[in-house]
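Chemist: sequence isn't available, so here's the structure alone:
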């Protein structure tokens with residue numbers, strides 16, 4: 001089973017940086033993609049950023065140059081920083097991993113429990 005530990009979030013002042021990290025425990029699995037998503041009040045879940053095992057990065061449409069993302073493959077950890085936080089960044093942020101079972105070869109999505117981020121204007 002893949003387990004995800006999310007860190008960061010909480011209360012952030014507008015204009016400051018928002019930092020999140022996600023560490024995956026995935027013994028017996030091959031992680032293909034790690035990413036962060038968010039669900040804002042009254043809105044659908046959207047991509048923040050994701051990184052594939054070969055380093056290809058995809059950014060959410062709202063990012064517009066405000067984000068830095070990095071992945072420590074050795075530790076199966078994904079870091080994301082959103083600069084110049086805005087009130088609209090208030091959301092529950094979820095870590096996501098797409099991993100393949102090394103025995104069954106089946107690929108599944110795994111989600112963290114989510115961490116609340118509130119940006120104070």
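Modeler: Nice, I can see it. All of these numbers come straight from a predicted model, not from anything done at the bench. Numbers count the residues shown, from 1 in each chain.
Chemist: list the buried residues for stretch 25-40?
Modeler: By 16 or more other CB atoms under 10 Å, the buried positions in stretch 25-40 come out as 26, 29, 31, 33, 34, 35, 36, 37, 38, 40. To be clear about C-beta, it is placed using only N, CA and C from the backbone, and glycine gets the same treatment.
Chemist: which helix or strand in this structure has the lowest average pLDDT?
Modeler: Least confident helix or strand, the chain: strand 67-72 with a mean of 90, by mean pLDDT, DSSP states H and E.
Chemist: quick one: strands adjacent to it?
Modeler: strand 77-82 (antiparallel) (DSSP bridges).
Chemist: for residue 75, grab phi and psi.
Modeler: phi -100, psi 0 (degrees, to the nearest 10).
Chemist: which residues touch it?
Modeler: By CB atoms under 8 Å, 6 or more residues apart in numbering, residue 75 lies in contact with residue 23.
Chemist: this protein: strands as residue ranges?
Modeler: 3-8, 10-13, 18-25, 29-39, 46-52, 57-59, 67-72, 77-82, 91-101, 107-111, 115-120 (DSSP state E).
Chemist: how deep is residue 88 tucked in, by neighbour count?
Modeler: 12 (other CB atoms under 10 Å).
Chemist: that one contacts residue 40, correct?
Modeler: Yes - counting by CB atoms under 8 Å, residue 88 touches residue 40, with 7.1 Å between them.
Chemist: which residues does residue 105 contact?
Modeler: Residue 105 neighbours (CB under 8 Å, 6+ apart): none.
Chemist: ok, and the closest non-adjacent residue to residue 102?
Modeler: residue 28 (5.5 Å; CB to CB, 6 or more residues apart in numbering).
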